[in-house]
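Trainee: Structural data only, the sequence is not supplied:
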């Protein structure tokens, strides 16, 4: 679907197309590509609009849900973990309930790495998910299954979560829009995840979709430990509005990593140049933080959170887990998290909060004072930290490039299905040639997957382990290897 969700919802409201036709088209597209992408872990047999969402802003639009962070009542929620294959929630999480009320029609659940830990989507339970731009590459992670289906045009948008890049990495790898909401903006299942690092969100094809969906998801909920300050108005109203001159800070330095790929540096510099050309003041700036200490604090909170997640799963299952129940990296984090003291966890939280305080407005180059709200919210940040204002700098609606597969054209209210065939020359899914992305985008589309085994039958559930590179930039893979060799004490 090359058309974004806002436009599809309008067409449903005005009778130009039915929800049933859109859902049928999405399911047909999914059937046409997923044997190659391996992005789906569960398909809803009879997807339909929830009665509560019949008048919602996205009524009738097909949608996918990540198999983590989004509990659907009566639907398996495995987190791509063998230990959780029998877990079926008895109620919707807050985010899922809000998406239903908005009118989205859930057609499938999407793959992720085990418990969302890694930055690629390649669990032992499910095997690797592939990038539709080039099948030999990863779509990133941990929301890689969602990103693959959105990039392939199966659905206009999908659900995901982000604790260390899990919305932003797949969006970058697949040429989509991925925004990690500010802490407390969207309720998180369980109140908090990884000490507050985990946030819920969406992956979309347009900035206006992201803004409109964040409007749907935002707001307090019973039991959440804190809530972000309310926004003065809908983010949707900000898209396309002239924000006036902004002061924008940017950095090409990696937060945790030692090196930044040249393609990434070029992309940030080009974005900064574009903003400057549009009349904004752009300055190189970054927060003064101890990066090594912050990486350690992050690992401590991820380990504690993972150990707590596994302990909750054990209590639900009525038995203790064993090393073979989890992937080595997960098991290492469980061991580490189980041995940390309360003091160490609190110190890690304090350090992370201190780092957040260091992200301050950029000083005025002329007056030497901080001025209205140019905050460093990422490699390039703009405005007062509001998604709509930052988005408006990118142009009209911020549409991502058209995907290489399963595109939709709606003529006379009837969807027409594009035939999807493997593009042997580009290694991707045909319709749009990969070359249209440009060389730098192709190289940055994702790390190459070198599967040790071919995909299993059907392409949706077989093993097929893939090297994971250096996720988290804290040597987690090396530490996991020590667990596998028995060099680190296990439980």
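Mentor: Good, I have the coordinates. None of the values given here were measured: they were computed from a predicted structure. Residues are numbered from 1 along each chain as shown.

Trainee: now for the helix or strand encompassing residue 41, which elements pack on it?
Mentor: Applying DSSP states H and E as the criterion places residue 41 in strand 40-43. Under the contact criterion of 3 or more Cβ pairs under 8 Å, 6 or more residues apart in numbering; DSSP states H and E, strand 40-43 touches helix 19-37, strand 105-110, helix 144-151. For every residue, glycine as well, the C-beta is placed using N, CA and C.

Trainee: swap the cut-off to 6 Å and go again
Mentor: Helices and strands touching strand 40-43, by 3 or more Cβ pairs under 6 Å, 6 or more residues apart in numbering; DSSP states H and E, are strand 105-110.

Trainee: Neighbouring strands - and their directions - for the next helix or strand after the strand it packs on?
Mentor: Per DSSP H and E, the first helix or strand lying C-terminal to strand 105-110 is strand 122-123. Strand 122-123 pairs in its sheet with strand 127-128 (antiparallel), by DSSP bridges.

Trainee: Could you pull up the mean pLDDT of the partner strand?
Mentor: Strand 127-128 shows a mean pLDDT of 98.

Trainee: ditto for stretch 100-111
Mentor: Taken as a whole, stretch 100-111 has a mean pLDDT of 98.

Trainee: what does it contact?
Mentor: Under the criterion Cβ atoms under 6 Å, 6 or more residues apart in numbering, residues 23, 26-27, 39-44, 47, 49-50, 52-53, 56-59, 61-67, 121, 126, 129, 145-146, 216 lie in contact with stretch 100-111.

Trainee: Touching, residue 358 and residue 289? I think so.
Mentor: Yes. Residue 358 is in contact with residue 289 according to Cβ atoms under 6 Å; the separation is 5.1 Å.

Trainee: who has more neighbours, those two?
Mentor: residue 289 (17 against 13; other Cβ atoms under 10 Å).

Trainee: how many neighbours does the nearest residue to that one once chain neighbours are set aside have?
Mentor: In this structure, residue 289 finds its nearest non-sequential neighbour in residue 355, 4.6 Å apart by Cβ to Cβ, 6 or more residues apart in numbering. When neighbours are defined as other Cβ under 10 Å, residue 355 has 19 of them.

Trainee: One more: residue 292?
Mentor: Neighbour count for residue 292, taken as other Cβ under 10 Å: 10.

Trainee: Quick check: ChimeraX command selecting the buried ones in the contacts of stretch 100-111.
Mentor: Buried residues among the contacts of stretch 100-111 (16 or more other Cβ atoms under 10 Å), as a ChimeraX selection:
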select :23,26,27,39,40,41,42,43,44,47,49,50,53,56,57,58,59,61,62,63,64,65,66,67,121,126,129,145,146,216
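
Trainee: Checking my notes, residue 211 in a strand, right?
Mentor: No. Applying DSSP: H, G, I helix; E, B strand; the rest coil, one finds residue 211 to be helix, outside a strand.

Trainee: Would you mind measuring from residue 335 to residue 304?
Mentor: Applying Cβ to Cβ, to the nearest Å, the value for residue 335 to residue 304 is 12 Å.

Trainee: And the two? Which one has more around it.
Mentor: residue 304 (22 against 19).

Trainee: Check the secondary structure at the more buried one for me.
Mentor: Going by three-state DSSP: residue 304 is helix.

Trainee: what's near enough to touch it?
Mentor: For residue 304, the contacting residues are 337, 340, 345, by Cβ under 6 Å, 6+ apart.

Trainee: Quick check: closest non-adjacent residue to it.
Mentor: Nearest non-adjacent residue to residue 304, counting by Cβ to Cβ, 6+ apart: residue 337, 4.5 Å away.

Trainee: Can you read off the backbone torsions of the residue nearest to residue 289?
Mentor: With angles defined as degrees, to the nearest 10, residue 355 sits at phi -60, psi -40.

Trainee: Can you measure across stretch 254-263, start residue to end residue?
Mentor: One end of stretch 254-263 sits 13 Å from the other (Cα to Cα, to the nearest Å).

Trainee: Enumerate the positions of it that are buried.
Mentor: Result for stretch 254-263 [16+ other Cβ under 10 Å]: buried residues residue 255.

Trainee: any idea of the mean pLDDT in it?
Mentor: Averaging pLDDT along stretch 254-263 gives 87.

Trainee: can you check stretch 228-240 too?
Mentor: Stretch 228-240 shows a mean pLDDT of 95.
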